[in-house]
Every structure is written in structure tokens, then in C-alpha cells.
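In: what's the 3D shape of this:
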Amino acid sequence: MPASQAEPVAEACPLTDTEYAQFRKLIFDIAGISLTDAKKALVVGRLVKRLRHFGFTSFGEYFRYITSGSDPAERQMMVDLLTTNETYFFREPKHFDFVREIAAQHRRGAFRVWSAASSSGEEAYSVAMVLADTLGDAAWEVVGTDISTRVLERASRGLYPLERTGGIPPQYLKTYCLKGVGEYAGTLLITRELREHVQFRHSNLLSPRTDIGCFDIIFLRNVMIYFDAPTKRKVVANLLPFLKSTGYLIIGHSESLNGVTTDLALARPTIFQRIGTR
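Out: Numbering: from 1, shown residues only. From the prediction side, this is the model:
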């Protein structure tokens, strides 16, 4: 069990190479993320407050605690802290132009998009704004999933600091966003009408949940840069069963599917279409 929070914790709590190797293996086993030697300082910065919270005097104590099975919530906290990535609204705008183009051609059934590493929700809500503008009252839905429960809670609220909303086109700001007043000054809230079309669920790309249905477009952007080649192949293979027969997978501009799969064909730079039929 952790020490009392009243016990002193050393101001400087070094992370030894052996301890770092333990955390690297753990986060790889859980999330498939390969931490390089250069990320050691990041791990210290994100986890040291948890050591102080419990009164631990070493990262080894904290590691033994989160792997003991006695506190699953703290293990998830560790995952949250080490997997949270920066995102923002309408990142890589051409991808959203593509969503608009494909949605406008859609004729049958609900149009569905999956933000498969949704983080705090900016990507999912950006897609939702495009679909609301393009499809109006027609059936459409956006699903956002992430391994971090903490960012999913933020995403579900749809409340963001104003300084993080600069990428939203002015007409979308006016139509789909509410500027906070009073105690919410300096924030922006996604409208309830838009949020009702977006659902956020907890899921791991290494073993995705099976109850989310199939999609016309799947976003998997700026996450594969943290995976080694075998993990990339596994993750993409895990997503393919959720992609409709003519569906599209969108990746980040710094990423590649070379050597990852033969089931997708390049449609446009960073945009791949499924080959064959379901």
C-alpha cells in the first residue's frame, strides 16, 4: 500500500534506467506505444506528481503499486498521463474538405465517421461541424474513442478554452459554438445539438471494442508515429473490420502505411480506400 501522504517525498526523484525500462515495457504492452530514450524526462514530468500524491520515494515503488492490481484506477491514471497527445480543431484542413466531399456524395443509410484516437475531442467535433453543415437533418454520427478516460471526459463536455478554438471557421463558430459568460468567460461550448451527434467511448487500439458498428471514414492520425512496425500492422488490421467496403482511412501527414497493409489503396496523399468488399 502507498505511504501516507503526510510522509516527506524527496524533491528530486530520479528515474533509474531500470525503472524507465519497466515503464517503457508496461506502456508498450498496454497501448503499443514505444517510448524512446529521449522521452525519459517526459515520463518523469508526467508521473512525479503521482509519486508525491501517494508519498512514494521512488518510481520503483510507484511501478510496483500500479502493477499490483490493487488500484486499477491509478493504473488507468498512469495510462492517461503517458498517452495524452496534443490536438486542435481542424488540424490538417484538407482532410475535412475530403470529409465534406465524400459526405455530399452519400446516398444511403447513416454516414458514420470514427475518430479512433480522439484525445480531447477536437477532431471529432471538427468532423461533426462539417457533417452538420453538409448533411443537415440527414442521418449521420461521429464516434470518438481513446485509451485515456481523462481526455474522454473532457471531450464529452465539449468545453474548451477560447485560445484553443482558433482553427474553427468563423461560420462554424457562430453556428455550432457558444461563447462562455460569467464564470465560463474565456471558454467555448460545443452546442448541445452538435454534441448529440457525437459519442465518446473508451477503447484500446490494440484490442478495440466491438460494439461501435462500421464506418464510412476512420481517422487514425498522428498516433502511429508512436508505434513500431509490428504494432502499426496490428492496429490497422484491427480497424479494417470496422471500415465499410468502400470506406476510407485517413492518417497524419507525417505517417505512412508502407509495409503495413495490402488491404488499402492510396486514394490521395494520407487517404486510403479499402480494397474489395465486405
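
In: ranges for the helices of the stretch 51-200 of the chain?
Out: Shown for the stretch 51-200 of the chain, the helices assigned by DSSP state H, counting those that start in this stretch span residues 59-66, 72-83, 93-105, 122-135, 149-157, 170-176, 192-195.

In: Residue 217 is nearest to which of those helices?
Out: Of all the helices of the stretch 51-200 of the chain, it is helix 93-105 that lies closest to residue 217, at 6.2 Å by C-beta to C-beta. In short, each C-beta sits where N, CA and C put it, glycine included.

In: Pick out the shakiest of the helices of the stretch 51-200 of the chain, pLDDT-wise.
Out: Mean pLDDT is lowest for helix 72-83 among the helices of the stretch 51-200 of the chain, at a mean of 90.

In: so how far is that one from its chain's centroid?
Out: 14 Å (C-alpha atoms, centre = their mean, to the nearest Å).

In: cool, and stretch 90-99?
Out: For stretch 90-99 - counting by C-alpha atoms, centre = their mean - the centre lies 17 Å from the chain centre.

In: Residues touching that stretch, excluding its own?
Out: 113, 122-123, 126-127, 130-131, 134, 167-169, 217, 219, 221-222, 248, 250, 252-253, 268, 270-271 (C-beta atoms under 8 Å, 6 or more residues apart in numbering).

In: buried ones in it?
Out: Neighbour counts over stretch 90-99 (16 or more other C-beta atoms under 10 Å) mark 90, 91, 92, 95, 96, 98, 99 as buried.

In: do stretch 102-120 as well
Out: 102-103, 106, 111-120.

In: Quick one: closest of the helices of the stretch 51-200 of the chain to residue 212.
Out: helix 122-135 (12.9 Å).

In: Okay, angle between the closest one and helix 149-157 too, please.
Out: 30 degrees (axes from the mean of the first three to the mean of the last three C-alpha atoms, to 10 degrees).

In: What is helix 122-135 packed up against?
Out: Helices and strands touching helix 122-135, by 3 or more C-beta pairs under 8 Å, 6 or more residues apart in numbering; DSSP states H and E, are helix 93-105, strand 111-115, strand 140-146, helix 170-176, helix 192-195, strand 198-202.

In: Please consider this matter closed, and thank you.
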